[in-house]
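K.L.:
Fold the following.
(one chain, ligands or ions: 1)
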Amino acid sequence: MTGAVPGAAPLAVVHPDAAVLAEATAARLLTRLLDAQSVRTPVHAVLTGGTVGIKTLEAVAASPLRAAVDWSGVHLWWGDERFLPDGDPDRNETQARHALVDALVAGSGLPAEHVHAMPALGAVVGDQTVETPEQSASAYAAELARFATEAADVAVPEFDVLLLGMGPDGHVASLFPGHEGLDARGATVGVHGSPKPPPERVSLTFDALRRAREVWVVAAGAEKAAQAAAALGGEPVVDVPAAGARGTERTLWLLDAAAATPAS
Ligand SMILES: O=C(O)[C@H](O)[C@@H](O)[C@H](O)[C@H](O)COP(=O)(O)O
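P.N.:
The predicted model follows:
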């Protein structure tokens with residue numbers, strides 16, 4: 001990963017603590033979906049796993065604003081997934097379904113077929129049983145391509161908003177420092193040897209992430225402060241992948257005070 005990172009320069013917004021961060025991000029997400037729906041349909045949102053990512057979805061589920069969104073015109077995607085069997089509690093999809101998505105399908109008009117999960121270990125896609133992260137990545141790339149905009153140089157929808165958590169090592173999605181996935185071409189990549197368990201994952205690539213109109217990196221906790229500062233300071237993407245997270249129109253860093261305060 002060399003050279004200037006394309007996309008909108010990051011803007012940081014700091015909230016007092018992780019709880020307020022999750023609530024504020026949920027309100028921002030709902031408003032973003034409403035704004036997007038005022039100009040286009042359908043709209044596409046990419047969810048993230050991780051602590052803050054899931055707490056944000058829980059806050060969306062509890063928000064009165066939830067009822068203002070026309071969920072029949074929303075598509076949900078994932079930025080990455082832990083390559084585990086369907087229903088495994090560690091899967092980002094499982095946690096998101098428990099936090100919000102199942103309730104949207106059951107009672108808010110979100111069509112089940114608008115929930116685009118990355119295929120699990122053992123899933124049957126067409127006539128294939130998915131046994132490797134690469135097979136899952138390939139199947140997901142095909143699903144993304146079904147909704148791609150014509151002009152796309154990578155066959156994915158123009159996501160209206162894409163949420164990312166960030167690890168203490170500066171990873172986003174399942175794009176880890178020094179890993180070969182950082183340079184992957186195409187929309188998706190199979191990941192092995194992830195430093196964050198489980199070792200096998202599936203991830204959108206930077207090419208795909210950067211097709212999003214808005215990319216939001218959401219991070220809380222003092223253990224994120226050094227890498228948040230490094231990313232916002234323009235450190236190389238190979239060292240701090242979060243530095244490469246950019247939207248075409250807007251890049252937001254949504255932080256709590258602890259993550260926004262580098263150690264002195
Ligand atoms: O599958 C995952 O683990 C996530 O997608 C990952 O990218 C996560 O968002 C970060 O590791 C932050 O996680 P925390 O918020 O729990 O630190």
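K.L.:
Dump stretch 229-246 to PDB, restricted to CA.
P.N.:
Extracted as PDB, the C-alpha positions of stretch 229-246 are listed here (Å, rounded to 0.1, in the frame of the first residue of the first chain):
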ATOM      1  CA  ALA A 229      -3.700   9.200  16.200                       C
ATOM      2  CA  ALA A 230      -1.400   7.300  13.800                       C
ATOM      3  CA  ALA A 231      -4.100   6.800  11.200                       C
ATOM      4  CA  LEU A 232      -5.300  10.400  11.400                       C
ATOM      5  CA  GLY A 233      -1.700  11.500  11.200                       C
ATOM      6  CA  GLY A 234      -1.300   9.800   7.900                       C
ATOM      7  CA  GLU A 235       0.800   6.800   8.800                       C
ATOM      8  CA  PRO A 236       1.300   4.200   6.000                       C
ATOM      9  CA  VAL A 237      -1.700   2.000   5.500                       C
ATOM     10  CA  VAL A 238       0.600  -1.100   5.600                       C
ATOM     11  CA  ASP A 239       1.400  -0.200   9.200                       C
ATOM     12  CA  VAL A 240      -2.000   1.300  10.200                       C
ATOM     13  CA  PRO A 241      -4.800   0.000   7.800                       C
ATOM     14  CA  ALA A 242      -7.300   2.300   9.300                       C
ATOM     15  CA  ALA A 243      -5.400   5.100   7.600                       C
ATOM     16  CA  GLY A 244      -6.700   3.700   4.400                       C
ATOM     17  CA  ALA A 245     -10.400   3.900   5.300                       C
ATOM     18  CA  ARG A 246     -11.800   6.700   3.100                       C
END
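K.L.:
buried ones in that stretch?
P.N.:
229-232, 235, 237, 240-246 (16 or more other CB atoms under 10 Å). Yep, even glycine has a C-beta here, placed from its N, CA and C like the rest.
K.L.:
out of the residues you listed, what pair is the most spread apart?
P.N.:
Using CB to CB, the pair of the buried residues of stretch 229-246 lying farthest apart is 229 and 246, separated by 17.2 Å.
K.L.:
related to what we said a few turns ago, list the ones among the buried residues of stretch 229-246 that fall in helices.
P.N.:
Judged by DSSP state H, helices contain the following of these: 229-232.
K.L.:
Export those as JSON lines, with columns for distance to the ligand and pLDDT.
P.N.:
Output for these, formatted as JSON lines (distance: CB to the nearest ligand atom, whole Å; pLDDT from 0 to 100):
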{"residue": "229", "distance to the ligand": "16", "pLDDT": "98"}
{"residue": "230", "distance to the ligand": "16", "pLDDT": "97"}
{"residue": "231", "distance to the ligand": "13", "pLDDT": "98"}
{"residue": "232", "distance to the ligand": "17", "pLDDT": "97"}
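K.L.:
Residue of the stretch 1-150 of the chain closest to the ligand, please.
P.N.:
Going by CB to the nearest ligand atom, the ligand is nearest to residue 50 of the stretch 1-150 of the chain, at 2.6 Å.
K.L.:
since we're on the closest residue to that residue other than its chain neighbours, how many residues are nearby?
P.N.:
Excluding the flanking residues, the one nearest residue 50 by CB to CB, 6 or more residues apart in numbering is residue 165, at 3.3 Å. Here the count is done by other CB atoms under 10 Å, and residue 165 has 24 residues near it.
K.L.:
For residue 41, which non-adjacent residue is closest in space?
P.N.:
Nearest residue to residue 41 in three dimensions, chain neighbours excluded: residue 73, at 4.3 Å (CB to CB, 6+ apart).
K.L.:
That neighbour against residue 38, yeah?
P.N.:
No. Judged on CB atoms under 8 Å, residue 73 makes no contact with residue 38 at a distance of 11.2 Å.
K.L.:
Who has more neighbours out of these two?
P.N.:
Set residue 73 next to residue 38 and count neighbours by other CB under 10 Å: residue 73 wins out with 17 against 9.
K.L.:
residues touching the more buried one, list them.
P.N.:
Residue 73 makes contact with 37, 41-43 under the criterion CB atoms under 8 Å, 6 or more residues apart in numbering.
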